[in-house]
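Undergrad: Test case, fold it:
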Amino acid sequence: MKKINLAVTGCLGRMGQQIIKSVRQDKDFRLVAITENKKKNKKISGIKINLNNEQTFKKANLIIDFTIPKCTFQILKIATRLKKRVVIGTTGFTKKEENLIKKFSKKIPILKAGNMSLGINLLMYLTEITSSSLGKNFLSKIYEIHHKHKKDYPSGTALMLGKGIAEGRKKNFYNLIGKKYFNKKDFPYGNKINFNSIRKGEIIGEHEVKFSSGKEIITLNHEAFDRALYSEGALSAAKWLMRKKPGLYSMRDLMNFK
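TA: Predicted coordinates:
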């Protein structure tokens, strides 16, 4: 297999650094560009940190982006002009922004996932099946914990799981979003999906989906212990996306879930 020339944005962020670390151990990739949204007089693995522009991404086959929505759209505009593939791990997009990403995907292949973990994506699939099987007599809620540095809440993963519940009920997710709690010890079930987000310590990620009929509770959960599972998932996504035509894909497509 020919090496994939890779560009990594947000290279000084937690995920950016982790992806660069994983790339060093994967012979299928060649790191050709790393970027930040502000000029830095620094090198990583002998590569100078540049700004996001056409010249920086010219030699790349694919861009992996874990930044913020504003930066992601800057990258998508450049990638579209250069016909580069993009793996998006950025979270916190609005409904309008999600629709805009779909428009970009008509011109270039994009794989977008709120979580690159294979386990989390399996959990989402199981959430959808459970929601469909249990029906409207069960109320639901989603609980998530992340490190104190994470700014957005609910997490992109929690929202993914919420979409799994909505898909199972054959409902529009945005119409099912309930209350969003922050750092609460306890929070209620609802006819809509309630979320509770905890930010503390250096926890990598814990997610829990609960369904209750009032007589029984069903719990689905996932705990992450090593950030490498996200970067390795992103690299798996990158390899898979290299064979795809323009379109918007997810980890679910990669894992071949029906």
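Undergrad: all contacts plus neighbour counts: C-alpha atoms, from now on.
TA: OK.
Undergrad: Any idea how many residues pack against residue 24?
TA: Using other C-alpha atoms under 10 Å, the number of residues around residue 24 comes to 13.
Undergrad: what distance separates the start and the end of stretch 166-183?
TA: End-to-end distance for stretch 166-183: 24 Å, by C-alpha to C-alpha, to the nearest Å.
Undergrad: Give me the contacts around that stretch.
TA: Residues outside stretch 166-183 that contact it (C-alpha atoms under 8 Å, 6 or more residues apart in numbering) are 127-133, 135-136, 153-154, 162-163, 187, 190, 192-199.
Undergrad: by contact count, what packs against the host helix or strand of residue 5?
TA: Secondary structure assignment for residue 5, by DSSP states H and E: strand 4-8. In terms of contacts (3 or more C-alpha pairs under 8 Å, 6 or more residues apart in numbering; DSSP states H and E), strand 4-8 is packed against helix 14-24, strand 29-35, strand 62-65.
Undergrad: Do you know the pLDDT at the residue nearest to residue 246 when sequence neighbours are not counted?
TA: Leaving aside its sequence neighbours, residue 246 sits nearest to residue 109 (C-alpha to C-alpha, 6 or more residues apart in numbering; 3.9 Å). Note for residue 109: predicted pLDDT of 98.
Undergrad: And the protein, what are its domain boundaries?
TA: Domain assignment for the chain by automatic domain parsing gives 4-112+227-254, 118-224.
Undergrad: got the end-to-end distance for the shortest one?
TA: Chord length of domain 118-224, first to last residue, is 11 Å (C-alpha to C-alpha).
Undergrad: Number of residues surrounding residue 212?
TA: Residue 212, neighbours per other C-alpha under 10 Å, totals 17.
Undergrad: out of everything not next to it in sequence, what's closest to residue 40?
TA: The shortest distance from residue 40 to any non-neighbouring residue, by C-alpha to C-alpha, 6+ apart, is to residue 49 (6.1 Å).
Undergrad: Nice, that's everything, thank you.
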